[in-house]
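In: please find the sequence and the predicted model below.
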Amino acid sequence: MPWKTIKYLWQWQLKSSPAELWPYVADTQRFNQATRLPNIDFTEAPLEIGGSQRIGETSKLGISVRYEDFPFEWVKEQEFSNLRVFEYGPLARTFARLTLEPNEAGTLLNYYVEVTPANILGYLGTPYQFGWEMRRNFERVFRQIDEALQGQEKQAFSLPVKSLNKLAEKRLANLTKELSNQGYELRWALRLAELLTNEPDINLARMRPYVLADRWEVPRRPILEMFLSAAKAGILNMRWDLMCPLCRGEKATASSLDEVRKGVHCGTCNIDFEVDFSRNVELTFTPHPQIRNIYDGSYCIGGPMVTPHILVHQIVEAGETRELPQARLNAGGYRVRTQKPGVEQWLELDDEAQGEVARLSIQADADTIEATICHSKPPDISPDDGTFSLVITNKASYPQKFYIERSDWYTDAVTAAQVTSLQHFRDLFSDEVLRPGEEIGVQGMTILFSDLVGSTAMYNRWGDAPSYALVREQFSFLQRIVRKYDGAIVKTIGDAIMAAFSEPADGVAAALAIQQEIEAFNAANTDALTIKLGLHTGPCIAVNLNGRLDYFGTTVNLAARLEGLSRGGDVIISEKLRQDLAVDKLLASKPIDIARFETGIKGFDEHFRLYRLVLGEN
């Protein structure tokens, strides 16, 4: 017989604002663990309409359940909801919805729960499991989050932490001292050791150096280099996470670069994609097993903070029009899409337009989507508080998922492009290369080529041994500057170098520093050197060449050609580099003579607009 649905509504007045509470109450992975819910095994099955069906299985007190976990729906900092329909177990269906209502005292948090029993066990157990235990645990964690935000508690979640054994403690202490002896600040090394000792497993499964550096309020690059050194020493393990370009979730993990494959499948989005070093290969760290073994269990795979770049997610029925009256988007770029790959539109809101948006209308059928912004905001209807009405219309013959997400990728991710263009990484992990024959795209890399003017005459004048010694001194000089500007020397070619930088401005800054400091270098040596430099930026291919991570493609070829146009003492850059905003700002800050010229280049059909940079007097 059908069982009557049991409903609960819980309300808690909290002191913190919805914006403050959201990252914690919407972090369902940690929240569910903190409220002592069991971990769940998830599987995903592809759907013809795009996306996937998620099936969860778990057990508690010897009772097993299996259910379809429908995707969460949410509006950032306002609400989220989740539906589960059970295949077997004591329950037939559960629905939960959390809302955050701002008020003068802070926020009224509402938690609404519907439970439909499947049998007598579910009917008898619901008042205890949901009406008492779940309510008690949820209130405890919601209060702790609020008190942590108000400075009355040390942390928002109380999660179990496994103690290190004596051998691991001693090993960690010795290796922490070793890190400090390598030149890293002792306080940073101790913070890392404290992290590995006191944090719960869930916080150590994917340690992200830039996130920790920002939290510790210290520079990012030294922390990344310390993590790399810690991995070399055996405190940490490196891992390469391959991220889906749609949901941006981690879809595969490689313990070394030679395990990275070009093609990856995302079961959640039901798409195949190619990895790119610049965008969706992220370096993260875990504790070394000799320090601490961690359990990376799943308590939720679909909550809002699993994909924090998605600000709005709604499932809209066929033919339905849904209005969300108090949506909010800050200035920036956004992608509006459905679950079907390619059905998307890009939007840009600047600071002025953001405050004038009255309505964002989104309409989509099976193959197209259209987002229209209305800027007329009647003051008596919609106050000028940055909110607007979001209207979503599904014209397809089936339910569709609608997403509004930030278009920019995470700025706190250490991408493969960034770390493989660091000299420190290449010094420590020269064996970290792709497997032979594998080619991985790099959306953006700045390539620098150098060459010595008159090196043949120098060898004839001074002889091989003295000349080669001077060339080696030059390599050390160039490497020091390349390293300083977050780059790496990919290879040496005779008396020249090829260097790579993940940021265009870093490459140009390094080139200018080389020409600026060459005079001091020459003053300390017997023969004056003149260096030619050329740079270009753009996409390329990462490959394994003779056991070394190398780059190939048009960007590399053009950079090499630009070096050949240098007269020595100058820097030749491409139009694409010149138009980069960070490069333009850099050049405007220095006394540089910038001469534009156009020329044909051997091996290329078109003419190029190029720029010759010559440092002036300060």
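Out: All right, it came through fine. Residues are numbered from 1 along each chain as shown.
In: go through this protein and flag its longest strand.
Out: Among all segments of the chain classified by DSSP state E, the strand with the greatest residue count is strand 531-545.
In: how about stretch 225-242: buried residues?
Out: Under the neighbour-count criterion of 16 or more other Cβ atoms under 10 Å, stretch 225-242 has 225-233, 235-242 buried. C-beta: built from backbone N, CA, C; applies to glycine.
In: one step back: so what strands line up beside the longest strand of the chain?
Out: Based on DSSP bridges, the strands next to strand 531-545 in the sheet, each with its direction, are strand 440-452 (antiparallel), strand 548-552 (antiparallel), strand 571-574 (parallel).
In: nearest to residue 558, of these?
Out: Ranking the strands paired with strand 531-545 by proximity to residue 558 (Cβ to Cβ) places strand 571-574 first, at 6.7 Å.
In: how far does the helix or strand hosting residue 7 sit from its chain's centre?
Out: When elements are defined using DSSP states H and E, residue 7 is found to belong to strand 6-14. Here the centre of mass of C-alpha atoms in strand 6-14, compared against the chain's by Cα atoms, centre = their mean, to the nearest Å, lies 35 Å away.
In: now stretch 588-604
Out: Distance of stretch 588-604 from its chain centroid, counting by Cα atoms, centre = their mean, is 34 Å.
In: tell me which residues in that stretch are buried?
Out: When neighbours are counted by 16+ other Cβ under 10 Å, the buried residues of stretch 588-604 are found to be 592, 601.
In: what's the answer for stretch 12-32, then?
Out: 14, 16, 18, 20-32.
In: which one of these sits closest to residue 96?
Out: Checking the buried residues of stretch 12-32 against residue 96 by Cβ to Cβ gives residue 28 as the nearest, at 10.0 Å.
In: how about the closest one: what's its closest non-neighbour residue?
Out: Computed as Cβ to Cβ, 6 or more residues apart in numbering, the closest residue to residue 28 that is not its neighbour in sequence is residue 303, at 3.0 Å.
In: just want the angle from the one helix or strand residue 480 maps to to strand 440-452.
Out: In this structure, residue 480 sits in helix 464-484 according to DSSP H and E. With axes from the mean of the first three to the mean of the last three Cα atoms, to 10 degrees applied, the angle from helix 464-484 to strand 440-452 works out at 130 degrees.
In: list the helices and strands helix 464-484 packs on?
Out: Counting contacts by 3 or more Cβ pairs under 8 Å, 6 or more residues apart in numbering; DSSP states H and E, helix 464-484 packs against helix 423-428, strand 440-452, helix 455-462, strand 487-493, strand 496-501, helix 504-523.
In: out of these, the one nearest residue 546 is which?
Out: strand 487-493 (9.1 Å).
In: picking up where we left off before, gap between the residue nearest to residue 28 and residue 33?
Out: Relative to residue 33, residue 303 is positioned 12 Å away (Cβ to Cβ, to the nearest Å).
In: and for residue 573?
Out: Applying Cβ to Cβ to residue 573 and residue 33 gives a distance of 51 Å.
In: the more surrounded of these two?
Out: residue 573 (28 against 24; other Cβ atoms under 10 Å).
In: from residue 444, how far off is the more buried one?
Out: With distances defined as Cβ to Cβ, the gap from residue 573 to residue 444 amounts to 15 Å.
In: likewise residue 592?
Out: Using Cβ to Cβ, residue 592 is found at 23 Å from residue 444.
In: could you do residue 525 as well?
Out: When Cβ to Cβ is applied, the distance between residue 525 and residue 444 equals 36 Å.
In: before we move on, what about residue 510?
Out: Distance check for residue 510 against residue 444: by Cβ to Cβ, it reads 16 Å.
In: of the two, which one has the most company?
Out: Between residue 510 and residue 444, counting by other Cβ under 10 Å, residue 510 is the more crowded of the two (24 against 18).
In: can you pull the contacts of the more buried one?
Out: Taking Cβ atoms under 8 Å, 6 or more residues apart in numbering, we find residue 510 in contact with 448, 481, 482, 484, 485, 487, 499, 501.
In: now do residue 109
Out: Remark: with contacts taken as Cβ under 8 Å, 6+ apart, residue 109 is in contact with 11, 12, 13, 14, 21, 25, 98, 99, 100, 101, 142.
In: mind putting those into TSV with distance to residue 559?
Out: Shown next, in TSV, are the contacts of residue 109 (distance: Cβ to Cβ, whole Å):
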residue	distance to residue 559
11	62
12	59
13	61
14	56
21	49
25	49
98	52
99	54
100	51
101	56
142	55
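In: for these, which one is nearest residue 221?
Out: Minimum separation from residue 221 among the contacts of residue 109 (Cβ to Cβ) is found for residue 21, which lies at 32.8 Å.
In: you'd agree the closest one is in a helix?
Out: Yes. Assignment of residue 21 by DSSP: H, G, I helix; E, B strand; the rest coil places it within a helix.
In: correct me, but it touches residue 107?
Out: Yes. Using Cβ atoms under 8 Å, residue 21 is in contact with residue 107, at 5.9 Å.
In: list residues touching both of those two?
Out: Taking Cβ under 8 Å, 6+ apart as the contact criterion, the residues that touch both residue 21 and residue 107 are 14, 100.
In: fine by me, we can end here.
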